[in-house]
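>>> Everything below, folded, please.
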Amino acid sequence: MIESLIRDLGESVFIDDATGQTLLGTKSDAYAKEEPIRNETEIIGWVRGDDRVKLIATVMQAWVQKELERKKLANEVLSLYQELNLIFNFSEELAQTIGQKEIAAIAIAEARRLIKSDLGLLILWDEESGHIEVPAAFGKPIFDESRLNDIPQILESLNPSTGSEIVGDLSSLRGQGLIDSDVQSLIYAALKVKHRVMGAIILGNTDSVQYSAADLKFLVTLALQSASAMESALLYEKNIEEVKAREDAMRRIYEVTNKFVPHEFIGSLGRNVITDIQLGDKVEKIVTVLFTDIRDYTTLSEQMTPEENFSFVCSFNAQMGPIIRAHRGFINQYLGDAIMAIFPQHSSDALHAAIEMQEAVHQLNANRSRSGMPLIRIGVGMHTGPLIMGITGDHERLDAATISDTVNTASRLEGLTKVYGVNILLSEACVNNLTNADEFHFRQLGLIQLKGKFAPVSIYECFNGIDEKDFNKKLSALPFYKEGVFDYFNKSFKEASDKFIRALEIHPEDKTAKLFLGKANLYLDKGIPENWTGVEEMQFK
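Presented below is the predicted three-dimensional model:
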């Protein structure tokens, strides 16, 4: 078009670039006029020639201006795209991060990459507590660490309206001894969320850097996004802490309730946790019920204050409970100086526990003897049979209950240990349920009819776990004892009396042998009652 214009005008004109290279027309050293072509303030070429040079230069300048505007618009669009892309990538990276420290590290690293700086930090502060935290930093310290608490006031004094600024004059900060003398340039942007300032990103340089408005814009953008992410992280952490606190509270509730209602009891009902149980839940099982009681506790307690009584019972139960649990049993009830335990599997578990409880009492007595305190003894009674475990009560008050004649029988057998002078007393049903009867030492004590019951119960003593000296005597006298019991139930009372005398010669303290001897002699003297079957009627509960 320019060529056509020159030709139509019939002018001798040529166009050079800034270096003198001819771009259009025929170069000539003889030209009358020249006009510059400018790129804003810079000369990028010349139109040289005759009188019409100015006209052609005006057309050329219009073209250049149009191209400049097009490129400027393209640069602005590109810059905007790059800024949006930067914000998108930064947002995406923040979205994958939860912790405040991690967000701070990403923000300070991105700020350092975009804005020329060789030192910087991200600070957080709590307006209520005044607490200052620096979760991320690089380079040497900008501020005196002892003056960190002054930073919020410093930044607010610099630019209270926007909370962000390029600090051109650092003399005031240096004069107050707030920043290091090597810091030559400073730029910062506040971390704002809903008009609340939670901190700031601060960058600096040891060289004199002229930060631009674009730098400040980038830093403000990073700060706003970082603040939003940190606020979300705070809420997330707070929610996590609240959930954890609720879980801990529920766990503590479960732990406490399991101490009142054993987990084994709940599990037997087919429930996992106590909150699952319902009024009327029940299950029937064959179990072994064990009762243990401290002998003559009334007399013992009279020698103690109420506080000493409570302390003693707590200490005693604390030793017995773990033994029961160690043998796959669980405590159904603590009854003052007595314990009721249930063993859901084999009576062998209950018997092992009873023996270990007796051994624990020996150790306890050794300590009491050294302290001059009276010794204690416990009796253990156990019976195997059906038992219903369930939840009774009403909709406002629930209770775990065990309902069965098995419980009553076990309790009464424990009471009989005092009558026979034995430590562990078992029913025949319990003995028959043992998986390893050969491991234990038993003596048959005969047949008893408990008060309020019709069917007699065959009972046995297990003398494992007693004092070693008594154990050896009882074991040595056992053949005479067994023969005496055989003769006694066959109404051969003279022979039975002789056998029990022989047994007592070996073990004079054997209360059971004395009991049988007394009854054999009574029948020899008074005669056998009519319809005598050997069953002893117990007139107490």
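
>>> Isn't L375 up against N367?
No. Using CB atoms under 8 Å, L375 is not in contact with N367; the gap is 10.4 Å. Where C-beta positions appear, they are placed from N, C-alpha and C, glycine not excepted.

>>> Now do the buried residues in the lengthiest strand in the chain.
Assignment by DSSP state E gives strand 378-394 as the longest strand of the chain. Of all the residues in strand 378-394, those buried under the rule 16 or more other CB atoms under 10 Å are 378-385, 387, 389-391.

>>> Output it as CSV - backbone C-alpha positions only.
Provided in CSV are the C-alpha atoms of strand 378-394 (Å, rounded to 0.1, in the frame of the first residue of the first chain):
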residue,chain,number,x,y,z
ILE,A,378,-11.4,-66.8,102.0
GLY,A,379,-13.9,-69.5,101.1
VAL,A,380,-14.8,-70.2,97.5
GLY,A,381,-17.9,-72.0,96.3
MET,A,382,-18.7,-72.9,92.7
HIS,A,383,-21.4,-74.6,90.8
THR,A,384,-22.0,-75.3,87.1
GLY,A,385,-25.4,-75.0,85.5
PRO,A,386,-27.8,-73.0,83.3
LEU,A,387,-27.9,-69.2,83.8
ILE,A,388,-29.9,-66.5,82.2
MET,A,389,-28.1,-63.2,81.7
GLY,A,390,-30.2,-60.3,80.6
ILE,A,391,-31.2,-56.7,80.9
THR,A,392,-34.0,-56.0,83.3
GLY,A,393,-35.6,-52.8,84.7
ASP,A,394,-37.7,-50.2,82.9
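
>>> mean confidence for it?
Averaged across strand 378-394, the pLDDT comes to 89.

>>> Now do the longest helix seen in the chain: which elements does it pack against?
Across the chain, the longest stretch assigned as helix under DSSP state H is helix 213-260. The contact analysis (3 or more CB pairs under 8 Å, 6 or more residues apart in numbering; DSSP states H and E) places helix 213-260 against helix 53-95, helix 100-114, strand 164-167, strand 185-193, strand 196-205.

>>> and of those, who's closest to P36?
helix 53-95 (7.5 Å; CB to CB).

>>> And the spatially closest residue to L219 that is not a sequence neighbour, what's its pLDDT?
Nearest non-adjacent residue to L219, counting by CB to CB, 6 or more residues apart in numbering: A189, 4.2 Å away. We have a pLDDT of 89 for A189.

>>> from what I can see A189 touches V220, true?
Yes. At 4.5 Å, A189 counts as touching V220 under the criterion of CB under 8 Å.

>>> ok, these two, which is more surrounded?
More neighbours surround A189 than the other of A189 and V220, with 27 against 18 (other CB atoms under 10 Å).

>>> List the contacts of the more buried one.
163-164, 200-201, 216, 219-220, 222-223 (CB atoms under 8 Å, 6 or more residues apart in numbering).

>>> Need these in JSON lines (columns: distance to I355).
Below are the contacts of A189 laid out as JSON lines (distance: CB to CB, whole Å):
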{"residue": "G163", "distance to I355": "78"}
{"residue": "S164", "distance to I355": "80"}
{"residue": "A200", "distance to I355": "73"}
{"residue": "I201", "distance to I355": "73"}
{"residue": "L216", "distance to I355": "83"}
{"residue": "L219", "distance to I355": "78"}
{"residue": "V220", "distance to I355": "79"}
{"residue": "L222", "distance to I355": "74"}
{"residue": "A223", "distance to I355": "74"}
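
>>> Now flag whichever of the residues you listed is closest to L173.
Of these, the one sitting nearest to L173 (CB to CB) turns out to be A200, at 14.4 Å.

>>> That closest one and L191, how far apart?
According to CB to CB, to the nearest Å, A200 and L191 sit 6 Å apart.

>>> Give the residues shared as contacts by these two.
What both A200 and L191 touch, as defined by CB under 8 Å, 6+ apart, is the set 122, 223.

>>> Settle it for me: which of those two has more neighbours?
Higher neighbour count among A200 and L191: L191, with 27 against 24, using other CB under 10 Å.

>>> who's that one bridged to?
G199 (DSSP bridges).

>>> Count the neighbours of I342 for me.
Using other CB under 10 Å, I342 has 26 other residues around it.

>>> What helix or strand is it located in?
strand 338-343 (DSSP states H and E).

>>> buried set for the helix or strand M357 falls within?
Using DSSP H and E, M357 maps to helix 347-370. By neighbour count with 16+ other CB under 10 Å, helix 347-370 contains the buried residues 347-358, 360-361, 364-365.

>>> quick one, that helix and strand 338-343 angle?
Using axes from the mean of the first three to the mean of the last three CA atoms, to 10 degrees, the inter-axis angle of helix 347-370 relative to strand 338-343 is 150 degrees.

>>> which other residues reach helix 347-370?
In contact with helix 347-370 (CB under 8 Å, 6+ apart) are residues 288, 290, 292, 316, 319-320, 323-324, 326-329, 341, 343, 374-378, 380, 382, 384, 423-424, 426, 430-431, 433-436, 440, 462, 464-467.

>>> Quickly list the domain ranges of this structure.
Domain assignment of the chain by automatic domain parsing yields the ranges 2-88, 97-238, 273-464, 467-530+533-537.

>>> TSV for the ones you listed, including distance to I266?
Shown next, in TSV, are the domains of the chain (distance: least, CB to CB, whole Å):
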stretch	distance to I266
domain 2-88	54
domain 97-238	34
domain 273-464	6
domain 467-530+533-537	39
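
>>> I253: which of these is closest?
Short answer: domain 273-464, nearest of the domains of the chain by CB to CB, at 8.5 Å.

>>> now the helices: where do they sit in the stretch 351-500 of the chain?
405-420, 428-432, 468-489, 493-506 (DSSP state H, counting those that start in this stretch).

>>> Turn those into JSON lines, columns for mean neighbour count.
JSON lines is the format used below for the helices of the stretch 351-500 of the chain (neighbours: other CB atoms under 10 Å):
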{"stretch": "helix 405-420", "mean neighbour count": "21"}
{"stretch": "helix 428-432", "mean neighbour count": "19"}
{"stretch": "helix 468-489", "mean neighbour count": "17"}
{"stretch": "helix 493-506", "mean neighbour count": "20"}
